[in-house]
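Novice: need the 3D shape of this:
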Amino acid sequence: MRWSSLLLFIGCVILLLSGNELLLIPVFGLSVFPAGTLVAWLGFVFLAILCFPFTPIFKLHQISAYFAVFNALIWGIVSYVFAGNWQFEFSNESTDFIGSPEAFTWFKFYSLITFLFPIFTTLVFKLIKLFKKIDR
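Specialist: Modelled structure (predicted):
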């Protein structure tokens, strides 16, 4: 499971960084839902699964991992709420919060947290596990 998540996550990153035209193709037959949105969303999910501890150290470790996966699963929906569209486009002309520059700031922050949280929790609990081994 870990290797497949790693390979799929790397594939998503490469596809997003390449800026391939495939990212603009509509998925699910919806012209307003580009493949790039789905690729980014799946990238967050694969990262959270990749960092998921199948043998948690503490109950907090397990709870953190479940939160990371849940957060990755709802990332697209929350991002849609910020942008008001599935392309995650924001505009200076927006008079409401949705789609505004302020919403874009929240979108960036939320996306960064969604990306960093599983990595951070994995590193913290790996360090705790390492120190527990050293204490013995």
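
Novice: tell me which stretches of the protein form helices.
Specialist: 2-18, 35-50, 59-83, 101-135 (DSSP state H).

Novice: now those in CSV, with mean neighbour count, distance to Ser94 and mean pLDDT?
Specialist: All C-beta atoms are positioned from the backbone trio N, CA, C, and that covers glycine. Listed next are the helices of the chain as CSV, based on neighbours: other C-beta atoms under 10 Å; distance: least, C-beta to C-beta, whole Å; pLDDT from 0 to 100:
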stretch, mean neighbour count, distance to Ser94, mean pLDDT
helix 2-18, 14, 25, 93
helix 35-50, 21, 19, 96
helix 59-83, 17, 10, 95
helix 101-135, 14, 8, 92
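
Novice: and of the ones you listed, who's closest to Ile25?
Specialist: helix 35-50 (4.8 Å; C-beta to C-beta).

Novice: which secondary structure elements does that closest one contact?
Specialist: Helix 35-50 is packed against helix 2-18, helix 59-83, helix 101-135, with contacts defined by 3 or more C-beta pairs under 8 Å, 6 or more residues apart in numbering; DSSP states H and E.

Novice: with distance to Val39 added, can I get those helices in JSON lines?
Specialist: Formatted as JSON lines, the helices and strands packed on helix 35-50 follow (distance: least, C-beta to C-beta, whole Å):
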{"stretch": "helix 2-18", "distance to Val39": "5"}
{"stretch": "helix 59-83", "distance to Val39": "11"}
{"stretch": "helix 101-135", "distance to Val39": "14"}
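
Novice: out of the ones you listed, which is closest to Val45?
Specialist: Nearest to Val45, of the helices and strands packed on helix 35-50 and by C-beta to C-beta, is helix 59-83 at 4.5 Å.

Novice: which residues touch that closest one?
Specialist: When contacts are defined by C-beta atoms under 8 Å, 6 or more residues apart in numbering, helix 59-83 is touched by residues 37-38, 40-41, 44-45, 47-49, 51-53, 56, 86, 88-90, 98-99, 103-104, 106-107, 110-111, 113-114, 117-118, 121, 125.
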